[in-house]
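> 3D model of this:
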Amino acid sequence: MSRKMYFLLFVPVLIVAFTINVSAQAPPAGASGSSSGSDVLTNADILKMVEAKVGDDIIIGKIKSSPNNYDTSIDAILKLKAAGVSDAVIHAMVDAGPAAKPVVKEVSAKKPPPDPNDPMSPHPIGIYWKPNQGTDKRLMRLEPYTYSQSRCGAGIMKMTCKIIITGDRAALRVTEAAPEFWFYFATGQDAFSASGPSSTDDFVLARLEKKSNERQLAVGQGGVTGIKAGVRPQDKVAVESKQVAPGIYQVRPSKPLEPGEYAFLRAAVTMESASGGKVFDFGVDRPK
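Numbering: from 1, shown residues only. The predicted structure is shown next:
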């Protein structure tokens, strides 16, 4: 046989022998002697090793080196103990326990500051007019006017007492026939005066009588039949009130207001309190 022919026959045999030898030495997939570390140990795995009489040292070593999802509740520990698991192994399971989840602090969105022109936003206690016409929609606060004068005049068989408000015009002028007002009360606190009103029921809207350089409002009458305190029915203006939130009320006159001078004041006016108190005055002008 020639040398060339011998080489051609020998090389394929050598390649086949080498392939068989390498395949025999390579371990089958998943048969590696070292753990991949991806197994998650549970109580069932521990019980299997105990039943197989694996030593505590080996089980504890496995517990320390492997991820886990143990149940270490009291009932689970009692079951492990009843199944023959040693205290040392149970102690290692409790120590290993599942890793604590990181505490993620919820970052609350920063609340925007209150909008002073949104009637539903918090406002300092008081009465506000909300313009609904024109371009200026800012809430306007009715400043309290403290009166300290009253006048009682005798008529035929009757005496009338009036509170006197200096000046013939209120500073706040309204050009809407049906103005919208918002009342803000401080619950449990003194909102307007010492007696602390808490709702619009504590107030009345009245039309003031314009006299020279002052405005007047009758708050009491007396005669032979007795004394009657409070705003006269003919001076009262009916309103519609609606509570829209705790301490917040929306108020509108029931009918369009005629041009003139008006004021909100405490409904419980007595002859004694007529000599001094507060009113929240405004004027209604005809639109230009």
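> lowest confidence element among the helices and strands of the protein?
Sorted by mean pLDDT, DSSP states H and E, the helices and strands of the chain end with helix 3-25, the least confident at a mean of 50.
> quick one: pLDDT of residue 95?
pLDDT for residue 95: 87.
> what packs against the helix or strand that contains it?
Taking DSSP states H and E as the criterion, residue 95 maps to helix 87-96. Helices and strands touching helix 87-96, as assessed by 3 or more C-beta pairs under 8 Å, 6 or more residues apart in numbering; DSSP states H and E, comprise helix 43-51, helix 56-65, helix 74-82. Quick note: C-beta positions are derived from backbone N, CA and C, even for glycine.
> can you put those in a markdown table and add mean pLDDT, mean neighbour count and distance to residue 201?
Listed next are those as a markdown table, based on pLDDT from 0 to 100; neighbours: other C-beta atoms under 10 Å; distance: least, C-beta to C-beta, whole Å:
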| stretch | mean pLDDT | mean neighbour count | distance to residue 201 |
| --- | --- | --- | --- |
| helix 43-51 | 92 | 16 | 67 |
| helix 56-65 | 90 | 15 | 72 |
| helix 74-82 | 90 | 13 | 60 |
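> nearest to residue 197, of the ones you listed?
Minimum separation from residue 197 across the helices and strands packed on helix 87-96 (C-beta to C-beta) falls at helix 74-82, 59.3 Å.
> Provide the contact partners of the closest one at residue level.
43, 46, 47, 70, 87, 89, 90, 93, 94 (C-beta atoms under 8 Å, 6 or more residues apart in numbering).
> List just the nearest of these to residue 180.
Looking across these and measuring by C-beta to C-beta, the closest to residue 180 is residue 70, at 65.9 Å.
> Without its sequence neighbours, what residue ends up closest to residue 242?
Sequence neighbours aside, residue 250 is the residue nearest to residue 242 in space, at 4.9 Å (criterion: C-beta to C-beta, 6 or more residues apart in numbering).
> quick one: that neighbour and residue 154, what's the gap?
In this view, residue 250 and residue 154 are 42 Å apart by C-beta to C-beta, to the nearest Å.
> Of the helices and strands packed on helix 87-96, which is nearest residue 113?
Among the helices and strands packed on helix 87-96, helix 74-82 comes nearest to residue 113, with 51.5 Å by C-beta to C-beta.
> Could you check how many residues crowd around residue 197?
Residues near residue 197, counting by other C-beta atoms under 10 Å, number 18.
> Tell me if it really is in a helix.
No. Read with DSSP: H, G, I helix; E, B strand; the rest coil, residue 197 is coil and lies in no helix.
> Would you mind measuring from it to residue 184?
Separation of residue 197 from residue 184 (C-beta to C-beta): 11 Å.
> Report the beta-bridge partner residues of the nearest residue to residue 144 once chain neighbours are set aside.
Nearest residue to residue 144 in three dimensions, chain neighbours excluded: residue 278, at 4.4 Å (C-beta to C-beta, 6+ apart). Partner residues in beta bridges with residue 278, using DSSP bridges, are residue 146.
> Start at 52, not 1
With 52 as the first residue, the last one maps to residue 329.
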